[in-house]
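Visitor: With the input below, show me the fold.
(2 chains)
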2 protein chains.
Amino acid sequence: MSIEAFRAELGDIPQEDNPRIVQQRSRDHYWYSPVLKAKLDHVTAEVVVSPRTIDEVKTVLRAAFRHDVAITPRGAGTGNYGQAMPLAGGAMLNLMNMDKVLSIEPDRVRAQAGAVLEKIDHETRQAVRGELRFHPSTYRMASLGGFIAGGSGGVGSVRWGGLRNLGSILGLKIITCEAEPRELDLTGEDILKVAHAYGTNGIIVEAEMPLAPAHDWVDMIVGFDDFIEACRFAEGVALQDGLLVKEVSPCAAPIPGYFNRHQPYLKQDQSVVLLMVAPVAVPALELFISHHAGDLRFRSDNATEDELRRLPPVYELAWNHTTLRALKVDPTVTYLQTRYPTVEHVRRIVDLLGDELPMHIEITRQDGKVTFAGLPLVRYTTEERLEEIIRIHEDNGCDVFNPHRYTLEEGGMKRTDQRQLAFKREADPKGVLNPGKMVAWENPDFDFSAGKAWLFDGLNPVHAA
Amino acid sequence: MSIEAFRAELGDIPQEDNPRIVQQRSRDHYWYSPVLKAKLDHVTAEVVVSPRTIDEVKTVLRAAFRHDVAITPRGAGTGNYGQAMPLAGGAMLNLMNMDKVLSIEPDRVRAQAGAVLEKIDHETRQAVRGELRFHPSTYRMASLGGFIAGGSGGVGSVRWGGLRNLGSILGLKIITCEAEPRELDLTGEDILKVAHAYGTNGIIVEAEMPLAPAHDWVDMIVGFDDFIEACRFAEGVALQDGLLVKEVSPCAAPIPGYFNRHQPYLKQDQSVVLLMVAPVAVPALELFISHHAGDLRFRSDNATEDELRRLPPVYELAWNHTTLRALKVDPTVTYLQTRYPTVEHVRRIVDLLGDELPMHIEITRQDGKVTFAGLPLVRYTTEERLEEIIRIHEDNGCDVFNPHRYTLEEGGMKRTDQRQLAFKREADPKGVLNPGKMVAWENPDFDFSAGKAWLFDGLNPVHAA
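Guide: Numbering: from 1, shown residues only, chains lettered A, B, ... in the order given. Next comes the predicted model:
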């Protein structure tokens, strides 16, 4: 590996090697996890490269292949699992300069990987009153390519499921990392080879996505004295086929206490349900709230200009922003990713773990069924206790997708995606793309059932370098 | 009751009293049912009155109240249960002259009761690329008011549930039948007082409905050798949150044989699934079809202009049009309305009843869950055997909504809607609106559990008249 020889081949493609800036760009939100923080805090690349065109991306990948330089692609770096962190050093491939919306039709949009989600929606709303089906809570920063490579769903998942569902992504253009990088257009099933693969097997440079109808979503916060009642209401809303909602999230007390700027609207000790509602559905939802004896604490359609300027949108209280807001108040908390099949499962875990696990649910559709996706906070003590909390979940029939792991397999997937692995052999034969993230590539014999976290060998040498 | 005095008060409101035409306008598709056919064949009004404005509707109702003339409101008369048949004679209130689309916004449309559904969609598509969430298979004839007063859902219910769901209707304007008729604007829960009340407790003159995004829906017909496989595929499609479909209907062999003009595309003895798919979802659906080893027999996006001119749209093979097409070939068949909780329930009924009950399913969402709504054909022999088939369903855990009844209670609802009854006392104190359809009004002590059909006393005298 010769980083100098690599850099020398990049012509006028912008490069940044100021160590402070490079380290900053080498990080994502891995620090949500005390486990990842301990493991990855020292990680940094040696240079950030920022191509502006597909040809420039090819130039970078051609040079990386020739000189064995590790390439970690990055959008806005808003992931939480170290997805976009350069475990083996080398170069960060910053794609945020490729941010154009390429085409808009009434039912779809095509954009470059570095286009920010909110910006895409702004353009599609203007052009065809459409918007992306879903977005993470980092909507205002996250890029389309980063979302597809490292995310799974978010706001909108209550209606549309997730990115992995058939039909959620229409097409991807990727660049392979070979002697002569190829440009591949993936459609249909092939999309799953690279979606949520952390950029380990091809660099996503364009994506085509279906559009949903845009609405001037109304933010609502509804209070409940009892968290389980809040969950029942939230599930009920999601089951009402006629109600048009984009976000439904029950947050148990004391979590609402972390929503600093919304404090004037909230009531001490209440749990809340966060909602985004289409204006056309607001009267029906008001009715539904009253049926459930909910306490409507806030609605953005009645707020003043001044209030709206001061308050973050409700989606910035939800998903991983819930954890972020808690961390700002109490840096010792962390979180888990879980799934509760029924409200009774939620109740059981809440009863067992109490305030050690302040409960946060995102109501989503999974395979057509309304389910309770959990993003509970955890009052962190030790890694052992965290593992115990995971075990308590599993013993009670609740799935856990461990967010304290930086590999594809150990996080959400829990097993090697053979399609992704096979495609890596084709698209990245030397394994220079985002090294250390796909266990099956690095260590085909690793035993996931042994209960130990996998450690990337490359990690220490880089640190020492 | 003095029909002459009533008519004399109508000024220049169009009236029609040619007995042949009046009888024709006194009928709906009740003849789908041999039971209703025997009971209602003789039913006719004495005059058809066709107001053009709300004021003219008020004039008609004022006169009807004063002279005790029965008023049966009617749209296009495309119902199947005798909903719009004037059991007590009197006047048909034809609302098809009130057919204006009043306002269109990106998320909603307001139209008069007599506006034809297809015409509304044509205008909203042009204006804002929106369309109604659902429509019956009689889309090209049925009116908005008739659909709301006598229908429940249809094409689109796989996504949006039914008209009764919270949020499916935004507002209704009705006229009461009193000494001085009032104009009432119903919203929220009040809508349920008059939706699906067959016009028994107020005349719907305007409705405001939410819009869904319009797509150039692609018709597809997918063949399966095994009907249960067809059902599994159909359920799977509906559970795929990312696929955008408007219609999913498995029809068991030999039903496809009734689809005359589609014969060149179909294969002998195959069952089929009828689909309407958004263009944006077509590639993903093709993939899903291949996963299920389905045989894609027809897709309208590959058809020639000439084929498209010749063929009815797929929705005119589905819902009650399935029965209609069977009846055209074999006038002895009739149908049932059922609900199967799971595919195993479908299989059990198919096994038990075989070709006596050619199975036709409409996949719908009910309270957020994908379910099998049945509209099976019945090879009719006697009313007793029909009752037996209903019992076989109920004994096997499958609901039946008897379409061979002309009253609100005995059909879908199976019990009195107390809201509708209470509202009738207010809006139609003399009970002149669509007499004979609400058992609770006519005969509060009727025992539904006794297992006998209710007979409207007024029916015979009218016949004798």
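
Visitor: In a strand, A:Val109, correct?
Guide: Yes - counting by DSSP: H, G, I helix; E, B strand; the rest coil, one finds A:Val109 located in a strand.

Visitor: Contact partners for it?
Guide: A:101, A:103, A:120, A:123-124, A:130, A:132, A:208-209, A:211 (Cβ atoms under 8 Å, 6 or more residues apart in numbering or on different chains). (Each C-beta comes from the backbone N, C-alpha and C, glycine too.)

Visitor: could I get those residues as JSON lines with distance to chain B, secondary structure and pLDDT?
Guide: Converted to JSON lines, these look like this (distance: Cβ to the nearest Cβ, whole Å; DSSP: H, G, I helix; E, B strand; the rest coil; pLDDT from 0 to 100):
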{"residue": "A:Val101", "distance to chain B": "17", "secondary structure": "strand", "pLDDT": "98"}
{"residue": "A:Ser103", "distance to chain B": "13", "secondary structure": "strand", "pLDDT": "98"}
{"residue": "A:Ile120", "distance to chain B": "16", "secondary structure": "helix", "pLDDT": "98"}
{"residue": "A:Glu123", "distance to chain B": "17", "secondary structure": "helix", "pLDDT": "98"}
{"residue": "A:Thr124", "distance to chain B": "12", "secondary structure": "helix", "pLDDT": "98"}
{"residue": "A:Gly130", "distance to chain B": "8", "secondary structure": "strand", "pLDDT": "97"}
{"residue": "A:Leu132", "distance to chain B": "13", "secondary structure": "strand", "pLDDT": "98"}
{"residue": "A:Glu208", "distance to chain B": "10", "secondary structure": "strand", "pLDDT": "98"}
{"residue": "A:Met209", "distance to chain B": "10", "secondary structure": "strand", "pLDDT": "98"}
{"residue": "A:Leu211", "distance to chain B": "8", "secondary structure": "strand", "pLDDT": "98"}
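
Visitor: Reformat those as TSV; add distance to A:Ala45 and neighbour count.
Guide: Below are the contacts of A:Val109 laid out as TSV (distance: Cβ to Cβ, whole Å; neighbours: other Cβ atoms under 10 Å in any protein chain shown):
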residue	distance to A:Ala45	neighbour count
A:Val101	28	18
A:Ser103	33	11
A:Ile120	27	25
A:Glu123	31	18
A:Thr124	33	24
A:Gly130	37	25
A:Leu132	30	24
A:Glu208	30	21
A:Met209	29	26
A:Leu211	35	24
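
Visitor: nearest to A:Val248, of those?
Guide: A:Leu132 (18.1 Å; Cβ to Cβ).

Visitor: Spatially nearest residue to A:His135 (excluding sequence neighbours)?
Guide: A:Leu117 (4.7 Å; Cβ to Cβ, 6 or more residues apart in numbering or on different chains).

Visitor: My read is that the one you found contacts A:Ser143, right?
Guide: Yes - applying Cβ atoms under 8 Å, one finds A:Leu117 in contact with A:Ser143, separated by 7.2 Å.

Visitor: tell me how far the helix or strand containing A:Asp55 is from the chain's mean position?
Guide: Per DSSP states H and E: A:Asp55 is located in helix A:54-67. Helix A:54-67 has its C-alpha centroid displaced from the chain centroid by 27 Å (Cα atoms, centre = their mean, to the nearest Å).

Visitor: what's that helix packed up against?
Guide: helix A:3-8, strand A:71-74, strand A:91-94, strand A:171-175, strand A:203-213 (3 or more Cβ pairs under 8 Å, 6 or more residues apart in numbering or on different chains; DSSP states H and E).

Visitor: how about a cut-off of 6 Å?
Guide: helix A:3-8, strand A:171-175 (3 or more Cβ pairs under 6 Å, 6 or more residues apart in numbering or on different chains; DSSP states H and E).

Visitor: Contacts only, for the residue most central in space within chain A.
Guide: For chain A, the residue sitting closest to the mean C-alpha position, by Cα atoms, centre = their mean, is A:Gly151 at 3.6 Å. By Cβ atoms under 6 Å, 6 or more residues apart in numbering or on different chains, A:Gly151 lies in contact with A:Pro136.

Visitor: rerun at 8 Å
Guide: A:79, A:136, A:142, A:163, A:196.

Visitor: helix/strand/coil for the residue lying closest to A:Asn396 once chain neighbours are set aside?
Guide: Of all residues not flanking A:Asn396 in the chain, A:Arg348 sits nearest, at 5.4 Å (Cβ to Cβ, 6+ apart). Taken by three-state DSSP, the conformation at A:Arg348 corresponds to helix.

Visitor: Alright, that wraps it up for me.
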